[in-house]
Every structure is written in structure tokens, then in C-alpha cells.
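*Asks:* no sequence on this one, just coordinates:
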């Protein structure tokens, strides 16, 4: 395992505001994403992900102004997803100073966009996010457009296709666990990691450090979380937080 464990806060944005849904539904207002980025700077976060969760469903496209503000504030590498629909979008995003471009819906409906971005920017800058939900009959279905549209493939199939198209990394997100503090779906993580050779980032359901350990033990290359890093306590009060560097280093053991 890497000596530098990847523990990644994920900030979800809607209409320019930081929000937190549960199972992709019912957005709770959290605050200003720029303020959150500043706090994560102070807490020495090594990596950050920003996702505009309504850019594609609402057809608003990429919020380049917000991206530029984030890039100007962030001291750490940032990945951005939301409304990315073309190679030109990706070039403009990375030109602003964002290191990674994350694709979700476009990876389902326009797979050639993934290949084009990988060819233009490199695999290391190309990430595919896979949103998965359990089927009643067993296994998982992949969804796009904020969990509203079935993709017609399993998460393992989606991950293999992403790798074949040139993605250098995938994010495996559990819709069922998102925002619930019920722990990662480790079986989902194992299913996706066993399907590909590229890094897999686990997302959805993290509660505490023990969950991060479990995600990495299940094969994930990194553990990502949203609610855990923007809420605290049994009443889920808003508080931007992140473990001390010494705690993060324990994930390497």
C-alpha cells in the first residue's frame, strides 16, 4: 500500500452552493464551497474533489467561474466533475488549474468523450465516476444523471469500459450508502477493483477512520467521503473537518 494514503473529501455543489444529499436525494445546505476549500487548506488535505451534481440534470453546463475561484484558493490538487461534455470543456477546466476531470453521465452516453479527453490530457487527468445501486435481484446497476437514469451495465462492466477508453482512475460510488454514515459497500468495492487494474476510489457511506481502513482493505486505492468531512455528531451539525495528518498516515498500516 502507498506510504501516502489517499483520503479525499468530496464537496457536492448545486447552483453554486455546497450541499449534502442522502442517497442522491434531498439536498441539505452546507454553505460556501470556497470557505470549505480554505478550511481544507488549513487542515493540510492532500487532494480534493468538487462535483456539481445538478449541472447535467439541469443542463446548465460547467460552472467555470466557480471552478476558477476554487482553483485560485486550493493549495491541493483538485478533481472536478459536473456537466463536462466535451474535450474542449476538459481543456478549459485543466487550463484553469484543475488537475483531474471527472466524467459520469458523459461516460455513459458519450464514451468517445472519455477517450478524447484521455488522448488530449492523459489518463492521469481522466477519471470516470460510477454510481451504483443494488438490484433487487442481486448485484448492482450503474446509473447516470444523479442516479435518475439506468446505464444498462454493471459497475464492473462500466469500470472495464472506462479503463478501455483511457481513464486512469475510477470512483466507485454507492447510491444506497451515500450520506447514510452506514459504511462503505465493501462488496461493491471488491467487485470493481477486481475488474480493472487502474486505481479505484471508494465513495458512499463513510462514517469514521475504521470505514476508511475497510475501504482500503477491500482493494480501493483511496477512500473518499462527503458527509463525514462536512458534518459531525449525532445531529449531523455542519462542521468542515478532516483527520490530523498523523491519523491519515495510520491508513498505510
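*Replies:* The structure has been received and is ready for your questions. Given the structure is predicted, the values throughout are model-derived calculations rather than measurements.
*Asks:* For residue 202, give me its contacts.
*Replies:* Neighbouring residues of residue 202 by C-beta atoms under 8 Å, 6 or more residues apart in numbering: 172, 184, 189, 215, 218, 220, 222, 223, 224. Any C-beta I mention is one placed from the backbone N, CA and C, and that applies to glycine too.
*Asks:* Strands - which of those residues land there?
*Replies:* Applying DSSP state E to the contacts of residue 202, the entries found in strands are 172, 222, 223, 224.
*Asks:* Isn't residue 94 up against residue 122?
*Replies:* No. Using C-beta atoms under 8 Å, residue 94 is not in contact with residue 122; the gap is 9.7 Å.
*Asks:* okay, the two: which has more neighbours?
*Replies:* Per other C-beta atoms under 10 Å, whichever of residue 94 and residue 122 has more neighbours is residue 94, with 19 against 12.
*Asks:* just to revisit the earlier point, for the contacts of residue 202, pick the one with the most neighbours.
*Replies:* residue 172 (34 neighbours).
*Asks:* ok, and the closest non-adjacent residue to it?
*Replies:* Counting by C-beta to C-beta, 6 or more residues apart in numbering, residue 172 lies nearest to residue 192, which is 4.3 Å off, once chain neighbours are set aside.
*Asks:* Does that neighbour touch residue 154 like I think?
*Replies:* No. Using C-beta under 8 Å as the test, residue 192 is too far from residue 154 to be in contact (9.3 Å).
*Asks:* So which of those two has more stuff around it?
*Replies:* The neighbour comparison of residue 192 against residue 154 (other C-beta under 10 Å) goes to residue 192, with 28 against 19.
*Asks:* so who does the more buried one touch?
*Replies:* 130, 155, 156, 159, 170, 172, 200.
*Asks:* Swap in 10 Å and give it another go.
*Replies:* Taking C-beta atoms under 10 Å, 6 or more residues apart in numbering as the contact definition, residue 192 lies against 130, 132, 140, 154-156, 158-160, 162, 170-172, 200-202, 218-220.
*Asks:* just residue 111 next, same as before
*Replies:* 103, 128, 161, 162, 164, 165.
*Asks:* try it again with 8 Å
*Replies:* Residue 111 touches 161, 165, counting by C-beta under 8 Å, 6+ apart.
*Asks:* Now do the same for it: its pLDDT.
*Replies:* Note for residue 111: predicted pLDDT of 96.
*Asks:* quick one, phi psi at it?
*Replies:* In terms of degrees, to the nearest 10, the main-chain angles of residue 111 are phi -60, psi -30.
*Asks:* How much space separates it from residue 152?
*Replies:* 13 Å (C-beta to C-beta, to the nearest Å).
*Asks:* and what of residue 188?
*Replies:* 18 Å.
*Asks:* More neighbours: which of these two?
*Replies:* residue 188 (26 against 10).
*Asks:* Wait, the more buried one touches residue 170, no?
*Replies:* No. Counting by C-beta under 8 Å, residue 188 does not reach residue 170; the two are 11.9 Å apart.
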